[in-house]
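S.K.: The following block contains a protein sequence and its predicted model.
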Amino acid sequence: MLSKTEIKRQLFHLALGLALAGLYYLDIIGPLTMFLGIICGGLLSFISKRVDIPIFSTFLDHFERKEVRKKFPGKGMIFYFIGTLFVMQLFEKDIALAAIMVLAFGDSVSHMFGAKFGKIKNIISGDSKKLLEGTFAGTVAGALSAALFVPFPEAFLGALAAMIFEVFKIDFNDKTLDDNIVVPLIAGTVMFLIRTYL
């Protein structure tokens, strides 16, 4: 079962993706905005390890996992912005928007649905929290939301690939790559390859 904090985190995860996609769609934000957000987030994270920052510290108290709060405050949001920046820079706008939607809906729905209804462990993951029902639900939610911006075959295969890779732990120098980077990059790459070669 998900804790109240984890449910709030996943709902915020979904809302943040919707907000970023909407603002990007309307040309209110772009890569420069995301880059500045990463810089500001990094500074706030560094400072908040030493002193409480009004509003930011309260936000972390409500949404951050306790173990992450001590080591890397705001890690999830910073990596969310990095993943979003990558897809904005690498892909056409419609694919970038679709990849952000897969991150917003696919990732959060997979966690919540898997925790609530999941019974079958994913055979491709050693993580007992990654359940097959969650991966399936995340794929459907990611595909339907991404299909607002790209044709459904691109949306579905992008979401499916992203949700499969979300199950794996991808390590670099003994550090696991955050799925807020992996999910949109995989989704965007698959959609791009399908559009380019099929």
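M.R.: Okay, I see it. Numbers count the residues shown, from 1 in each chain.
S.K.: any idea how far residue 191 is from the residue of the chain most remote from its centre?
M.R.: Distance from the centre of the chain peaks at residue 51, with 27.8 Å (C-alpha atoms, centre = their mean). For residue 51, the distance to residue 191 equals 43 Å [C-beta to C-beta, to the nearest Å]. (Each C-beta comes from the backbone N, C-alpha and C, glycine too.)
S.K.: Against which helices or strands is the helix or strand harbouring residue 100 packed?
M.R.: Here residue 100 sits within helix 93-101, counting by DSSP states H and E. If contacts are counted by 3 or more C-beta pairs under 8 Å, 6 or more residues apart in numbering; DSSP states H and E, helix 93-101 sits against helix 4-25, helix 75-90, helix 132-146, helix 152-167, helix 179-197.
S.K.: Show me which positions of it end up buried.
M.R.: Buried residues in helix 93-101, counted by 16 or more other C-beta atoms under 10 Å: 94, 95, 96, 97, 98, 99, 100, 101.
S.K.: quick one: contacts of that helix?
M.R.: 17, 20-21, 24-25, 84, 87-88, 90-91, 142, 145-150, 154-155, 158, 162, 183-185, 187-188, 191-192, 195 (C-beta atoms under 8 Å, 6 or more residues apart in numbering).
S.K.: what about that helix, distance to the chain center?
M.R.: 12 Å (C-alpha atoms, centre = their mean, to the nearest Å).
S.K.: burial measure for residue 153, as a count.
M.R.: 14 (other C-beta atoms under 10 Å).
S.K.: shaky segments in the protein?
M.R.: 1, 122-129, 169-174 (pLDDT under 70).
S.K.: Try it again at 80.
M.R.: 1-3, 5, 62, 65-70, 115, 118-131, 168-176 (pLDDT under 80).
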